[in-house]
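Colleague: Coordinates for the following, if possible.
(chains A and B)
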Amino acid sequence: MAVFTDTDELHRVMTDLWTAISNEKDMAAQLLSSRLIVTFHYREPDGRLTVDCSDGKEMVITVGDCNKKPVVEMFMKSSVAHDFWLGKVNVPLALIQGKIVSKGPVNKALALLPAIKPAYGLYPAVIEKNGLKVSIT
Amino acid sequence: MNPFVFHTPTRVYFGENSASSCGDFLRELGGTKVLMVADAFLEKSGALAPLIDSIKESTGIEPILFTDVPSDSDVDCVNKATVIARTSGCDALVAVGGGSVLDTAKVINICLTFGGEVLDYQGLNIIERKLLPLIAVPTTAGTGAEVSFVAMVKDHGESKKLMFGSRFLAPDVAILDPLMIVSLPAKLTAATGIDAVTHDIECYVASGTYSVFTDSLCLESLRLLFEFLPQATIDGDNLEARGATLVASCMAGVAFTNSGVGITHALAHAVGAKYATHHGMTNAVLLPHGMRFNFESVYPRYARIARFLDLAVEASNSIDGNSISSSDDRALAHLLLNKVEALLRQLKLPLNLRELGVPELTDENLAELVDLAGADPAIMFNPREASVEDLTQLLKRAY
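Modeller: Numbers count the residues shown, from 1 in each chain, chains lettered A, B, ... in the order given. Predicted structure coming up:
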């Protein structure tokens, strides 16, 4: 069974999650200091989310089409994204297996992994708020 | 057993004079015009002659030579070669040289196959279909580039490296000919060989990505390297030793491209990017420090290597004659560390960053190196997470 029923649900959950991340001072500061624009492309269901940290002051989150040119693009199944935010994805293995595709300077994106780890703790509440009927253990 | 994926698309052909079969492989793979990317000194020394003759004989094709590859290749070199290949109508490549040449050929192959700019393809797993035929003939034994899925070249005028990773990047054929490396100087033989040792050891303990396939490759590769690398370094004409190091390096390449490396490589990439140090020599300096850093997390894995290499027996037969229990993982792991350090001394490789020519590490320089290492994809595969402070201390100790 798919984790997200449709694109709207996927976008809602990811927007809520990234909004929660942007409200976490320490995490947001590290992401903003990267000045990166990252676009996540999801499939099954399709979706797209862009996180723009380029001005270093405010994270701008856009779902769907976005005319900003990303520095890094990540492509994955929505279920992989869900598992990632639950802290259940071995990222090196997922990259080797081709479950995650990274376009652009991958080192810049990977450098942010330690910074976003605390977001694993935020995700269950986002899932619950959006009423997803999935296991979060 | 952990989940894993193991893939090795490259056909490996080993043997003395195997380079002279290059034409047969090319005929089989297809191609009407061939770009041969090679180190310039190989052309001057006549080492390319058997390959060119073989290609002419088997296919009737006169390869177009491109030898303007710097030791640390970059985007400009790739672009230049791609233009030559496109205008000449090349539809196959043969790469002859060290890691830089082989990586350059892989990236040329991307641009030649798909068109567009080099930067369009930077990243991991972007390339999703087969490239033009590529035959790789390594002239060093260490990088594993003849079988690996990754390629790195420098960006325009910058110290940072661009990374390209996809299983489709792996050459179709790797020709391992000991005669192609007999002229490799002792110091480079030692340094490139240590690169392979580092691949083996880091891959063997990589974070949740190693498998029984990569384990077996790493172990046998290490056995060959510990036995034959000193001989190949001392006596470059020893074809048995040269062949063994070539095969060992290739095995390590297959292993690490499936499972990753770790902190030693991350730091070596950083130091190399900033100070243009030789990759193998930098690994030589950093490997013992990387092993010590990971020791508590992975000593049972180090102990497995030590058991495979019979290091306890070796130790008990030494002058000191210390007896070590085969169940004492810590002691066995220490034996491996000692064995690595003894090999580095035997090979007369630099033992610290200062000897390597790295200038005094100021706080600013350290911070830059730590930033580079922390963002290096290799660090992801390290079995123990490294903080900024950890990386800083490790570099200071290595200095």
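
Colleague: which residue packs closest to the residue in chain A positioned nearest to chain B, ignoring adjacent ones?
Modeller: For chain A and chain B, the shortest gap (C-beta to the nearest C-beta) falls at A:Ala111, measuring 3.6 Å. (C-beta placed from N, C-alpha, C; glycine too.) Of all residues beyond its chain neighbours, the one nearest A:Ala111 is B:Ala375 (3.6 Å), with distances taken as C-beta to C-beta, 6 or more residues apart in numbering or on different chains.

Colleague: so the one you found makes contact with A:Ala109?
Modeller: No: using C-beta atoms under 8 Å, B:Ala375 is not in contact with A:Ala109; the gap is 9.1 Å.

Colleague: By mean pLDDT, which helix or strand of chain A comes out lowest?
Modeller: Ranking every helix and strand in chain A by mean pLDDT, DSSP states H and E puts helix A:106-110 at the bottom, with a mean of 82.

Colleague: Show the subsequent helix or strand relative to that helix.
Modeller: Counting by DSSP states H and E, the element after helix A:106-110 in chain order, helix or strand, is helix A:113-116.

Colleague: ok, is that next one in contact with chain B or not?
Modeller: Yes: Helix A:113-116 is in contact with chain B by C-beta under 8 Å from any C-beta of the partner chain, via A:Leu113, A:Pro114.

Colleague: list the buried ones in the longest helix along chain A?
Modeller: As assigned by DSSP state H, the longest helix anywhere in chain A is helix A:7-22. Neighbour-count burial for helix A:7-22, with 16 or more other C-beta atoms under 10 Å in any protein chain shown as criterion, is recorded at A:7, A:9-14, A:16-18, A:20-22.

Colleague: Which pair of those spans the longest distance?
Modeller: Comparing every pair within the buried residues of helix A:7-22 by C-beta to C-beta identifies A:Thr7 and A:Ser22 as the most remote, at 21.8 Å.

Colleague: Isn't the residue of chain A closest to chain B up against B:Gly374?
Modeller: Yes: look at A:Ala111 against B:Gly374 with C-beta under 8 Å: they come within range, at 5.9 Å.

Colleague: The residue nearest to A:Ala111: neighbouring residues, count only.
Modeller: 22 (other C-beta atoms under 10 Å in any protein chain shown).

Colleague: Helix, strand, or coil at B:Glu163?
Modeller: Residue B:163: Met, not Glu. strand (DSSP: H, G, I helix; E, B strand; the rest coil).

Colleague: Now do the contacts for the nearest residue to it once chain neighbours are set aside.
Modeller: Here the nearest residue to B:Met163 in space, its sequence neighbours aside, is B:Met152; by C-beta to C-beta, 6+ apart that works out to 5.5 Å. B:Met152 is in contact with B:Asp103, B:Lys161, B:Leu162, B:Met163, B:Phe164, counting by C-beta atoms under 8 Å, 6 or more residues apart in numbering or on different chains.

Colleague: Ramachandran angles for B:Ile205?
Modeller: Not quite, residue B:205 is Val, not Ile. phi -120, psi 10 (degrees, to the nearest 10).

Colleague: which residues of chain B fall in strands?
Modeller: In chain B, the strands defined using DSSP state E lie at B:11-14, B:34-38, B:64-66, B:92-97, B:123-124, B:134-138, B:150-154, B:161-165, B:173-176.

Colleague: Partner strands of the last one and their direction?
Modeller: Read it as strand B:173-176. Pairing partners of strand B:173-176, with direction, according to DSSP bridges: strand B:11-14 (parallel), strand B:134-138 (parallel).

Colleague: Point out the one among the ones you listed that comes closest to A:Ser34.
Modeller: Per C-beta to C-beta, nearest to A:Ser34 of the strands paired with strand B:173-176: strand B:134-138, 35.1 Å.

Colleague: Now do the closest one: distance to the chain's middle.
Modeller: The chain centroid and the centroid of strand B:134-138 are separated by 14 Å, computed with C-alpha atoms, centre = their mean, to the nearest Å.

Colleague: for the record, mean pLDDT for that strand?
Modeller: The average pLDDT for strand B:134-138 rounds to 98.

Colleague: Which residues does that strand contact?
Modeller: So strand B:134-138 is in contact with B:10, B:19, B:22, B:25-26, B:29, B:51, B:92-99, B:102, B:105-106, B:109, B:145-147, B:171-177, B:180-181, B:246, B:249-250, going by C-beta under 8 Å, 6+ apart.

Colleague: With stretch B:215-232 instead?
Modeller: B:141, B:189-190, B:193-194, B:196-197, B:199-201, B:203-204, B:210, B:238, B:240-242, B:244-245, B:247-249, B:251-252, B:254-255, B:305, B:308-309, B:339, B:343, B:346-347.

Colleague: Tell me the spacing between B:Asp390 and chain A.
Modeller: To chain A, B:Asp390 is 12 Å away according to C-beta to the nearest C-beta, to the nearest Å.

Colleague: ok, now which ones touch that residue?
Modeller: Per C-beta under 8 Å, 6+ apart, neighbours of B:Asp390: B:Phe293.

Colleague: Of all residues in the stretch 251-399 of chain B, which one is closest to chain A?
Modeller: With C-beta to the nearest C-beta, the shortest gap between the stretch 251-399 of chain B and chain A falls at B:Ala375, namely 3.6 Å.

Colleague: How much space separates that residue from B:Phe381?
Modeller: From B:Ala375 over to B:Phe381 the distance is 14 Å, taken as C-beta to C-beta, to the nearest Å.

Colleague: can you check B:Leu51 too?
Modeller: Distance of B:Leu51 to B:Phe381, computed by C-beta to C-beta: 35 Å.

Colleague: Ok, B:Thr245 next?
Modeller: 24 Å.

Colleague: With just CA atoms, put stretch A:11-31 into PDB.
Modeller: This file holds the C-alpha atoms of stretch A:11-31, laid out as PDB (Å, rounded to 0.1, in the frame of the first residue of the first chain):
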ATOM      1  CA  HIS A  11       2.700  17.900  -0.700                       C
ATOM      2  CA  ARG A  12       0.800  18.600   2.500                       C
ATOM      3  CA  VAL A  13       2.900  16.300   4.600                       C
ATOM      4  CA  MET A  14       6.200  17.500   3.100                       C
ATOM      5  CA  THR A  15       5.300  21.200   3.400                       C
ATOM      6  CA  ASP A  16       4.300  20.700   7.100                       C
ATOM      7  CA  LEU A  17       7.500  18.900   7.800                       C
ATOM      8  CA  TRP A  18       9.700  21.500   6.200                       C
ATOM      9  CA  THR A  19       7.700  24.300   7.900                       C
ATOM     10  CA  ALA A  20       8.400  22.500  11.200                       C
ATOM     11  CA  ILE A  21      12.100  22.300  10.200                       C
ATOM     12  CA  SER A  22      12.200  26.000   9.400                       C
ATOM     13  CA  ASN A  23      10.800  26.700  12.800                       C
ATOM     14  CA  GLU A  24      13.600  24.800  14.600                       C
ATOM     15  CA  LYS A  25      16.200  27.500  15.100                       C
ATOM     16  CA  ASP A  26      19.400  25.400  15.100                       C
ATOM     17  CA  MET A  27      18.400  23.200  12.100                       C
ATOM     18  CA  ALA A  28      17.200  26.100  10.100                       C
ATOM     19  CA  ALA A  29      20.400  28.100  10.800                       C
ATOM     20  CA  GLN A  30      22.500  25.300   9.400                       C
ATOM     21  CA  LEU A  31      20.400  24.800   6.300                       C
END
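
Colleague: Let me see the ranges of the helices in chain A.
Modeller: Going by DSSP H, chain A shows helices at A:7-22, A:25-34, A:78-85, A:91-97, A:106-110, A:113-116, A:123-129.

Colleague: And the shortest one, what's buried?
Modeller: Put plainly, it is helix A:113-116. Across helix A:113-116, burial judged by 16+ other C-beta under 10 Å covers A:Ala115, A:Ile116.

Colleague: I'd like the distance from it to the chain centre, please.
Modeller: On C-alpha atoms, centre = their mean, the centre of helix A:113-116 falls 11 Å from that of its chain.

Colleague: Show me the shaky parts of chain B.
Modeller: Residues of chain B meeting the criterion pLDDT under 70: B:157-159, B:319-322.
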